[in-house]
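[1] Model the following, please.
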Amino acid sequence: MDEAGRGPLAGPVSAAAVILPRGYVLDGLDDSKKLTTAKRERLYDALIESEGVLWSVALVEAAEIDSLNILRATHLAMRKALLGLPQAPDHCLIDGLSIRDCPFPHDGIVKGDGISLSIAAASVIAKVTRDRVMKGLDVEFPEYGFARHQGYGTKEHLEALRVHGPCLHHRRSFQPVAQLTLSFD
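    This next block holds a predicted model:
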C-alpha cells in the first residue's frame, strides 16, 4: 500500500493497495515520485490491465481530512483501499510506518516505494488516480490551476487563494488556507 497527496492544500488524499502475482515484472516500475507523468500514466495502464494484478484505490476528501486530520484520513483511505481488494491479502507491506486499526497483518517499510515492487505499484496507482482527480477539479475550478500543481502550495496556488479565497476542495485545517480571512464558499 501507498498514498498520494498528504501535503497539498487542496484535493483528496489517495491510497492504493496492490497484490501482484508471483514473478510479476514491469519494466520501469519504481516510486512514483521518481517517474515522469507520462511514465506514471503508462505504468498505471499496464498495472490495471495486467491479468492477475489485484488493486483497489480509495479517496478521502478535503472536508473529512479537516475533520479527522491528515494522518487519520490517510489511514482511513488505506483501510478502505485494503478492504476494496477483490481478495484479502495474507500480509500487507505499507510505505512508511504501520497504520492503526489495519484489518490485516502488516509491516511498515520506510521508503518502501523504492524497495518493494508491490508498494511501487500502489504508489503509481495512488498518484495517477489523485492527479486525474485534480485535473477534473481544474475543469470545475480553473482559477486555481489544480492541473498544474495538484493542489500543492506553489506560488501560483497561493496567489489564486489570495485572489479567490478557498473553494470547497481546499483543506481548511491546512496552513495557509486556515489563515485566510477571506469569505468561504
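[2] Show me the shaky parts of the protein.
    181-185 (pLDDT under 70).
[3] Which stretches in it count as helices?
    Ranges of helices within the chain are 37-49, 62-68, 70-83, 117-140, 146-149, 155-164, based on DSSP state H.
[4] right, and these - which one's nearest residue 95?
    Counting by CB to CB, residue 95 lies closest to helix 117-140 out of those; the figure is 4.9 Å. C-beta coordinates here come from the backbone N, C-alpha and C atoms, glycine included.
[5] and that closest one, what does it pack onto?
    Other elements packing on helix 117-140 under the criterion 3 or more CB pairs under 8 Å, 6 or more residues apart in numbering; DSSP states H and E are strand 2-4, strand 13-19, helix 37-49, strand 54-60, strand 92-95, helix 146-149.
[6] quick check: angle from that helix to strand 13-19?
    140 degrees (axes from the mean of the first three to the mean of the last three CA atoms, to 10 degrees).
[7] May I have the residues that are in contact with residue 125?
    16, 18, 44, 47-48, 55, 57 (CB atoms under 8 Å, 6 or more residues apart in numbering).
[8] Apply 10 Å and report the result again.
    2, 4, 14-18, 32, 40, 43-44, 47-48, 53, 55-57, 81 (CB atoms under 10 Å, 6 or more residues apart in numbering).
[9] What sits closest to residue 116 if chain neighbours are left out?
    residue 93 (5.2 Å; CB to CB, 6 or more residues apart in numbering).
[10] Could you check how many residues crowd around that neighbour?
    Neighbours of residue 93 under the rule other CB atoms under 10 Å: 19.
[11] Check the contact between it and residue 78; I expect there is one.
    No: counting by CB atoms under 10 Å, residue 93 does not reach residue 78; the two are 11.8 Å apart.
[12] Among the helices of the chain, which comes closest to residue 22?
    helix 117-140 (11.1 Å).
[13] Just want the angle from the closest one to helix 70-83.
    Using the same axes, to 10 degrees, helix 117-140 lies at 110 degrees relative to helix 70-83.
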